[in-house]
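Chemist: generate a structure from the sequence data that follows.
(chains A, B, C and D, ligands or ions: 4)
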Amino acid sequence: MLRSDVSPGRARSSKTPSSKTPSSPPPRADDPVQLVTPDGVRREEPAYDAVVADVDDERLTALYEDMVVVRRFDTEAVALQRQGQLGLWPPLLGQEAAQVGSARALRADDFVFTSYRENAVAYCRGARPVDLVRVWRGTALTGWDPRSIGMATPQVMVGAQSLHATGYAVGCAKAGTDSVAIAYFGDGATSKGDVHEAMVFAASLAAPVIFFCQNNQWAISEPVGLQAQRPVADRAPGMGIPSMRVDGNDVLAVMAATRIALDRARRGDGPTFIEAVTYRMGPHTTSDDPTRYVDPPDAARWAAKDPIARVERLLRARGAWSDERAREITATADAFAAEMREGCYGLPDPDPMSLFDHVFVESSPTLERQRSEHAAYLAMFTGGER
Amino acid sequence: MLRSDVSPGRARSSKTPSSKTPSSPPPRADDPVQLVTPDGVRREEPAYDAVVADVDDERLTALYEDMVVVRRFDTEAVALQRQGQLGLWPPLLGQEAAQVGSARALRADDFVFTSYRENAVAYCRGARPVDLVRVWRGTALTGWDPRSIGMATPQVMVGAQSLHATGYAVGCAKAGTDSVAIAYFGDGATSKGDVHEAMVFAASLAAPVIFFCQNNQWAISEPVGLQAQRPVADRAPGMGIPSMRVDGNDVLAVMAATRIALDRARRGDGPTFIEAVTYRMGPHTTSDDPTRYVDPPDAARWAAKDPIARVERLLRARGAWSDERAREITATADAFAAEMREGCYGLPDPDPMSLFDHVFVESSPTLERQRSEHAAYLAMFTGGER
Amino acid sequence: MTTMTMVGALNSGLRRALDDDDTVVLLGEDIGRLGGVFRVTDGLQRDFGPDRVMDAPLAEAGMMGLAVGLAYRGFRPVVEIQFDGFVYPALDQLVTQVARVHYRTGGAVRMPVTVRVPFGGGIGAVEHHSESPEAYFAHTPGLRVVTCANPQDAHTMIRQAIACDDPVVLLEPKRRYWVKGEVDEDLGDPLPLGRARVVVPGSDVTLAAYGPLVVTARDAALAAQDEGLSIEVVDLRSLSPVDLDTLEASVRKTGRLVVTHEAQRSGGLGAEIAASIVERCFDVLKAAPLRVTGFDVPYPAAKVEDHFLPDLDRLLDAVDQVMGRASSLTGWRAS
Amino acid sequence: MTTMTMVGALNSGLRRALDDDDTVVLLGEDIGRLGGVFRVTDGLQRDFGPDRVMDAPLAEAGMMGLAVGLAYRGFRPVVEIQFDGFVYPALDQLVTQVARVHYRTGGAVRMPVTVRVPFGGGIGAVEHHSESPEAYFAHTPGLRVVTCANPQDAHTMIRQAIACDDPVVLLEPKRRYWVKGEVDEDLGDPLPLGRARVVVPGSDVTLAAYGPLVVTARDAALAAQDEGLSIEVVDLRSLSPVDLDTLEASVRKTGRLVVTHEAQRSGGLGAEIAASIVERCFDVLKAAPLRVTGFDVPYPAAKVEDHFLPDLDRLLDAVDQVMGRASSLTGWRAS
Ligand SMILES: Cc1ncc(C[n+]2csc(CCOP(=O)(O)OP(=O)(O)O)c2C)c(N)n1
Ligand SMILES: Cc1ncc(C[n+]2csc(CCOP(=O)(O)OP(=O)(O)O)c2C)c(N)n1
Ligand SMILES: [Mg+2]
Ligand SMILES: [Mg+2]
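Modeler: Ligands and ions are numbered 1, 2, ... in the order given. All right, here's what the predicted structure looks like:
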């Protein structure tokens, strides 16, 4: 079964060797932390290396596989949108490492709150191929039951989810578990009051939450420089929240940073802010026209820092690359994409009367009256009487 | 005339010797900057001293006078509230230096946006005694015409005014003037999204605005430690906004910091954040009961750092103290307070029909219909017919 | 039965809820050591600890968003908004999140969030402390909106609201906070959260009121009796959904309707009630329903608020109007 | 006269306003280089510079609060909210500040702020991109709320809104953005901002619509003609204040009223209009006014939005009802 290959919480990556983890993040250098260069060279960063010592060639290959799969289905979804099968799709092209590296560091009992772009995270949490397209096809407002995969419905209101993650984390602490909540948001979101208030609450309550900012350089057409004059990671320390700034195109660095933050949270040391410096290689969504604002050389510079290519280079350099395994991975990715496409085609339009469901747990007389009036109205078209 | 003594923009304090001002604030030490100790000893802080070199004994005495006057009328207002003449009053006791030192650094053409507690600022801007009580007596929603004294109506929504100041400052820059806007808010307000968004916009647009936070240790009953795990001044630098942290009970240090910030803003160097560390010696408002949450020894420690007493000590030490001048100052303060009291008694209740005025510049038919209906209704009581 | 103020009744309701259910947590500004600016939470942090009764940083959107996360994690958060005017910063999270998560998730995630909002005017306060924002909530699908007019209902409703699996906004009429009444903490078989109550039976006019104005409406009914006029006073209690069945029954009897609220008229609850009752009772209505409300102006300065707020005289004037009678107003004043 | 889409008409209106008055500044997310997600501001930053046409950081409360300060300083800010759903974070500053500063300052400080909100559904979008929040604005004293239904009105209204010394919320029906129409940029003597317009005269029923549904209402009137039914369609244009005089005149003629909007029914504009018209026209009304609106559910997933949104059939069904006729619906579908 395909599912088992991509289910969340696989032992290979969820293990955090906590004995080696520092209780506060390593001091910050100016450049983002990088463990794997774009050329596929493994750089040493002792504080980070320690927490990913278990990521051997096999595990690294698994992360590679994840990234290939998510890029594959992301491309498929864009194609589905172009064919009119989806209303919209927000591509994650270029952000595979940031999403996979962080999501694969989580435990199944952790809880994830994201924006709309984190389909790779959803995949890592165990969302089924068809689950990823429901919202974008417009057949439902959620792709999955949040409790079944430990991940909330994608949030469209920029930044709102940061507070939900913080509240959830406060709840984890109250319940006495060592589960952690993680909030994914973009560079643009850092301008929002909600994200600030989330950080205020998290710091005040020492909540076991991770603020994971994918700085992909753009908020639709606005460059990150419009939102922030300094790295966004610089905002957290002044609030008493330690921060890390990592190369978001480096899956290993991202995983290391996330594990450090998770470990802090599990120990009761409170929130951590991670800035993953990456790049949105595609349009904001399939409705967007980036030619209006993206400088092609700029995009080319970032293309050279591709998150997937560098892992392939590293594996090759280590002699851990196998063409056969690569073909298997491609086949897995294709199968996932095919399942997504078929699932998409197969998604039925919702029953019109489902409009009225789930507004309340116990419905209201006003709503029920509207429901029955509408049912009677619809019945007229099918020859019914009112 | 009493007015002339307390009018804003007096030459003595509005002059900023810009040649000596650094273009960015001096580096921050851990302790708040202090130029005058509680014992009245003048400490040297070269970067700050330079900008207040013009504050000689005479000018210092004038600041002393300001502080005595504002404390006097603040006490009077509390008494008026206790007698039922005012509905409410938010005392500024203990915050005289923070408010006077900053407000006296401003030019008449600068613009001030405050919360509800900055009555000393209003006084420095030229509000007349009776203007200070209108809102709290409930006869009007503003005490003055904002344009006449360069200060907006006190803001009740915590933090909202930070954005207004930023917008105003953006407007100053657009208009090509070197006027500056200043936002006063409390430590509690720093938790609000609005204040964060104001700082984001200010940094992004390099707006000539000063964020002046009076950290008086309390947001009603909540200690500042609930809002912030680090000094609130620490939040700004991460956003690209330089900050200063000064002893808010030291009128000279406050004035120096404000001048440094003003000068940066006038030069086009953008926003500055100032944290004035002070203490709310009284209740939050006259409705509050601080015995429920204030630790008496804590309050006593702060009483020893009184902003007025230390200036008296300094003037005495310098041989610049005159008992006769002190009596004059007391008389001035008493006269101001008396005028406030009489003005308060003399404030007529508004005409009921004024309810309908100024909702719009050009009223609406709906509203005019309500106005005339209500007029007809009222006429019934006076024997009129409808 | 114990005599309590509305504040006391709310306090004891919260205490019961905290006692009965470990997942209930209170969140608000100054609700801990201070006990809230109105003392509704007095003593609760002392007795249940700061983990159950949490002073929140000064950030209303933050509180509301935190409640979403807590509810996601299985808690029943009760958020106190300090005054009506301060609910606006929280409205985004309330409207786009709290009210929608259950719908958005196809019923998978419930939002048993209670939002307590002291509301209404008449206390001589400064700006933003006297408002009636209920129409914003009532227009928001997914929220239940209720308000209490006496200590017993306050006690009952806060417990029902917390026990309810849907988000509930409880509007507490702050100028009635200190009015005393008998409270039975043994709820027995209480009126459901969504139901209105006829508080004064009558036959000539239905007067629908809620929250702070229920007392005023009763006084009006009493005063009208002297004139031989029989007013039926309905305490709406629930503002979303409105219990239109109870109201319809009353109007079918009286044929006339006056609705009153402090909130501004245009787009207020009164419009919805008038429109709905006309839809249901057009055949029996003897006059157009009238609204006695605050005017379409921002809440004014304290010294004119008495002219903004509906009072007994304005209610009786409207009753005269729907009765098609010459005004008896000057008479009422003279007596 | 030039043929333009509504987007083009708004663009040219903004261009005129920028040309005519140096104090006009535009503020919004992605309105600069991108020209806005709907291209309403296309080319304006290029021609007027980033100082007049400003890309704002991603913070709606921030934009709205900035506008207050800019207005204080003598500017006329025009704020673009990218989609209806994103107005909620700005609602606090809009309701408690923009709408009140003139009142608060006793008329000393004006707030000539224009807020542009693309609104309404029917475009197959994801959550928060299809909403109709007008009732929240219309219940807020101090705001003028208007909406356009065709390119000419879009052009006229954006210029009038910017010239107006009061804050104006202009709701732009985004699903009609690309519909073309004739636009006269020489305004001449335009209909004032607050006025409704009879777009189809008729005698049997008044059908009040606004924004995206005006076209639908016209289509309904046309279809009804075949049945010998004469529907008068009123485009409300102004939602606060509502031009009740024009509406009253129509209902006095027809004796019947149907109101339609996409927003949820409870507490929507339709309630206010029905209640107000009943107050004014009780004597002539032959039936209770009916509302054809979105249901009291959150805006649903795209694939069911057609069932949420009022359409021609639902309008005609309501018209049949106020006429007291047997439904002609099946007939309409069959034809
Ligand atoms: C509150 C709110 N305002 C505006 C939008 C419209 N919008 C959608 S995505 C986006 C940019 C977000 O940028 P960023 O946070 O960097 O995330 P990214 O899209 O780059 O992943 C904007 C403005 C929104 N969804 N929510
Ligand atoms: C948005 C908002 N929320 C809550 C309040 C109620 N309130 C008034 S003052 C205050 C505390 C403010 O503390 P701080 O910002 O430190 O200012 P200070 O009163 O100490 O001067 C609170 C919670 C308010 N006025 N506005
Ligand atoms: Mg981004
Ligand atoms: Mg304070």
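Chemist: is the lengthiest helix in chain C up against chain A anywhere?
Modeler: What stands out as the longest helix in chain C, according to DSSP state H, is helix C:6-20. No. Using Cβ under 8 Å from any Cβ of the partner chain, helix C:6-20 stays clear of chain A, with a minimum separation of 13.3 Å. Glycine gets a C-beta too; all of them are placed from N, C-alpha and C.
Chemist: what helices or strands is that helix leaning on?
Modeler: Applying 3 or more Cβ pairs under 8 Å, 6 or more residues apart in numbering or on different chains; DSSP states H and E, we find helix C:6-20 packed against strand C:24-28, helix C:44-48, strand C:76-80, helix C:151-163, strand C:168-173, strand C:180-183.
Chemist: check contacts around A:Arg245.
Modeler: Counting by Cβ atoms under 8 Å, 6 or more residues apart in numbering or on different chains, A:Arg245 makes contact with A:Arg28, A:Pro32, A:Val33, A:Pro231, A:Ala233, A:Ile274, A:Glu275, A:Val277.
Chemist: of all the residues in the helix or strand containing it, which ones are buried?
Modeler: Applying DSSP states H and E as the criterion places A:Arg245 in strand A:243-247. Counting neighbours by 16 or more other Cβ atoms under 10 Å in any protein chain shown, one finds that the buried residues in strand A:243-247 are A:Ser243, A:Met244, A:Arg245, A:Val246, A:Asp247.
Chemist: surely the last one is in contact with A:Ala253?
Modeler: This means A:Asp247. Yes. The criterion here is Cβ atoms under 8 Å, and A:Asp247 meets it with A:Ala253 at 5.1 Å.
Chemist: where do the helices of the stretch 101-250 of chain C begin and end?
Modeler: Along the stretch 101-250 of chain C, the segments classed as helices by DSSP state H, counting those that start in this stretch run C:101-104, C:134-138, C:151-163, C:213-225, C:244-254.
Chemist: just the CA atoms of the fourth one, as CSV, please.
Modeler: Put plainly, it is helix C:213-225. What follows is helix C:213-225 as a C-alpha-only set of coordinates in CSV (Å, rounded to 0.1, in the frame of the first residue of the first chain):
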residue,chain,number,x,y,z
LEU,C,213,-34.2,47.2,29.2
VAL,C,214,-36.3,44.3,30.5
VAL,C,215,-36.7,46.1,33.9
THR,C,216,-37.6,49.3,32.0
ALA,C,217,-40.2,47.4,30.0
ARG,C,218,-41.7,45.9,33.1
ASP,C,219,-41.9,49.3,34.7
ALA,C,220,-43.6,50.6,31.5
ALA,C,221,-46.2,47.7,31.7
LEU,C,222,-46.9,48.6,35.3
ALA,C,223,-47.3,52.3,34.5
ALA,C,224,-49.6,51.5,31.6
GLN,C,225,-51.9,49.4,33.8
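Chemist: that helix and chain B in contact?
Modeler: No. Figure legend: helix C:213-225 not in contact with chain B (Cβ under 8 Å from any Cβ); closest approach 15.3 Å.
Chemist: contact partners of that helix?
Modeler: Identification of contacts with helix C:213-225 by Cβ under 8 Å, 6+ apart yields C:149-150, C:176, C:179, C:199-200, C:202, C:207, C:209, C:230-233, C:235, C:260-262, C:310-312, C:315-316, C:319, C:332.
Chemist: and what of stretch A:335-344?
Modeler: For stretch A:335-344, contacts defined as Cβ under 8 Å, 6+ apart pick out A:2, A:6, A:69, A:72-73, A:75-77, A:80, A:85-86, A:128-130, A:132-133, A:137.
Chemist: with only the CA atoms kept, save the longest helix of chain C in CSV.
Modeler: Output in CSV follows, covering the C-alpha atoms of helix C:6-20 (Å, rounded to 0.1, in the frame of the first residue of the first chain):
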residue,chain,number,x,y,z
MET,C,6,-26.2,39.6,39.2
VAL,C,7,-22.4,39.8,39.7
GLY,C,8,-22.7,37.3,42.6
ALA,C,9,-24.9,35.0,40.5
LEU,C,10,-22.4,35.0,37.6
ASN,C,11,-19.6,34.4,40.0
SER,C,12,-21.4,31.4,41.6
GLY,C,13,-22.3,30.1,38.1
LEU,C,14,-18.6,30.3,37.0
ARG,C,15,-17.6,28.6,40.3
ARG,C,16,-20.0,25.7,39.6
ALA,C,17,-18.8,25.3,36.1
LEU,C,18,-15.2,25.2,37.2
ASP,C,19,-16.1,22.7,39.9
ASP,C,20,-18.1,20.5,37.6
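Chemist: pLDDT (mean, whole number) over that helix?
Modeler: For helix C:6-20, mean pLDDT rounds to 98.
Chemist: and the angle for it with strand C:24-28?
Modeler: Interaxial angle, helix C:6-20 versus strand C:24-28 (axes from the mean of the first three to the mean of the last three Cα atoms, to 10 degrees): 140 degrees.
Chemist: could you list the buried residues of helix C:6-20?
Modeler: Buried, per 16+ other Cβ under 10 Å, within helix C:6-20: C:6-18.
Chemist: what do you get for stretch A:296-310?
Modeler: Across stretch A:296-310, burial judged by 16+ other Cβ under 10 Å covers A:Ala299, A:Trp302, A:Lys305, A:Asp306, A:Pro307, A:Ile308, A:Arg310.
Chemist: now the end-to-end length of it.
Modeler: For stretch A:296-310, the first-to-last residue distance is 22 Å (Cα to Cα, to the nearest Å).
Chemist: for the residue of the stretch 201-335 of chain C found nearest ligand 2, what are phi and psi?
Modeler: Ranked by Cβ to the nearest ligand atom, the top residue of the stretch 201-335 of chain C for proximity to ligand 2 is C:Tyr299, at 14.4 Å. Backbone torsions of C:Tyr299, given as degrees, to the nearest 10, read phi -60, psi 130.
Chemist: between the buried residues of stretch A:296-310, which is closest to ligand 4?
Modeler: Closest approach to ligand 4 among the buried residues of stretch A:296-310 (Cβ to the ion): A:Trp302, at 45.2 Å.
Chemist: quick one, phi psi at that closest one?
Modeler: In terms of degrees, to the nearest 10, the main-chain angles of A:Trp302 are phi -70, psi -30.
Chemist: any idea how far A:Lys305 is from the residue nearest to it when sequence neighbours are not counted?
Modeler: In space, and not counting its chain neighbours, A:Trp302 is closest to A:Tyr279: 3.9 Å by Cβ to Cβ, 6 or more residues apart in numbering or on different chains. Distance of A:Tyr279 to A:Lys305, given as Cβ to Cβ, to the nearest Å: 7 Å.
Chemist: likewise for C:Val242?
Modeler: Per Cβ to Cβ, C:Val242 is found 59 Å from A:Lys305.
Chemist: residue of the stretch 101-250 of chain A closest to chain D, please.
Modeler: Of all residues in the stretch 101-250 of chain A, A:Gly138 sits closest to chain D, at 2.8 Å by Cβ to the nearest Cβ.
Chemist: shouldn't that residue be in contact with D:Pro300?
Modeler: No. Taking contacts as Cβ under 8 Å, A:Gly138 lies outside contact range of D:Pro300: 9.3 Å.
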